[in-house]
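Let me see the structure of the following:
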Amino acid sequence: MKRIILSLLFVLGSVPVSAQSCPDVLKFMKRKLNSQETVNFCEAYQDKAILFVNTASKCGFTPQFEGLETLYEQYKDQNFVILGFPSDSFNQEYSDEGKTAEVCELTYGVNFPMFEPISVRGDDADPLYRKLTEMADKSPKWNFYKYLVDRKGNLVDSYSSFTKPNDEDLIADIKKAIQP
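Okay, here's the model as predicted:
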C-alpha cells in the first residue's frame, strides 16, 4: 500500500506545474494559420497578458492589423502577446487560408501569432471563444473585437471593433495586465 501511495505521489508530482495551474482560457491547442504546426496555449502563453482578436481580411477594420502589430512589437518583451483568429462569422474572411495568411503577412506585416480560422459566435462558436464570451458575458459583435486577459488568465475587459490598437484606455489596461 505504501508503494502505491508513493508511486501515485511520484506520478502526480511529475505533472508540470504549468499544466496544474494553467488558466482555463489557456487550456486549448490551436493550429497556426496556413500551417500544420499546433500550439499548446498553456505551454506557449502561460504567464503572459493576451489580447485575443477575431480578424477578417475583407473588413473595414482590417487596417487595424498595422496598429496591432505596432502594439505587439512595443510590448512583446514585457510578457504580452496578441493572438489573432481569422473568422468568417461575419462573412468577411477568405475560405482559402493561404489568402488570409497573405493579407496578414504580406499586406500588413503581421508577426504576432495567427491561428486557424474559427467561428467566434453562435452555436458553432469555437470552445475558446465560448470561454471568452462566458468570461466577458459578451460575444464579438463584429470583426476585430478584442478580449484582454491578464497574466493570471483573468479577463481585464473586452473592446469593440471601434477600439483602435492605439487607444489610450486599451494601452493603460495592457500596462496593468502585464504586471506580475
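
all strands in the protein, in order from the N-terminus.
Counting by DSSP state E, the chain has these strands, from start to end: 29-31, 38-40, 49-55, 80-86, 146-149, 155-159.

So which bits of stretch 112-129 are buried?
If you call a residue buried by 16 or more other C-beta atoms under 10 Å, then stretch 112-129 has these buried ones: 112-121, 125-126, 128-129. Every C-beta, even on glycine, is put in place using the N, C-alpha and C of the backbone.

who touches it?
With contacts defined as C-beta atoms under 8 Å, 6 or more residues apart in numbering, stretch 112-129 is touched by 25, 28, 30-33, 39, 52, 54-55, 68-69, 72, 76, 81-89, 93, 97, 100-101, 104, 133, 139-140, 145.

CA atoms only for stretch 156-170, dumped as PDB, please.
Below are the C-alpha coordinates for stretch 156-170, written out as PDB (Å, rounded to 0.1, in the frame of the first residue of the first chain):
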ATOM      1  CA  VAL A 156      -9.400  42.600 -17.900                       C
ATOM      2  CA  ASP A 157     -12.000  43.800 -20.400                       C
ATOM      3  CA  SER A 158     -13.400  43.400 -23.800                       C
ATOM      4  CA  TYR A 159     -13.300  46.100 -26.500                       C
ATOM      5  CA  SER A 160     -15.400  46.800 -29.500                       C
ATOM      6  CA  SER A 161     -14.200  46.800 -33.100                       C
ATOM      7  CA  PHE A 162     -14.100  50.600 -32.900                       C
ATOM      8  CA  THR A 163     -11.400  50.500 -30.200                       C
ATOM      9  CA  LYS A 164      -8.200  51.000 -32.100                       C
ATOM     10  CA  PRO A 165      -5.000  49.300 -31.000                       C
ATOM     11  CA  ASN A 166      -3.500  52.700 -30.100                       C
ATOM     12  CA  ASP A 167      -6.500  53.600 -27.800                       C
ATOM     13  CA  GLU A 168      -5.200  55.100 -24.600                       C
ATOM     14  CA  ASP A 169      -7.600  53.100 -22.400                       C
ATOM     15  CA  LEU A 170      -6.600  49.800 -24.100                       C
END
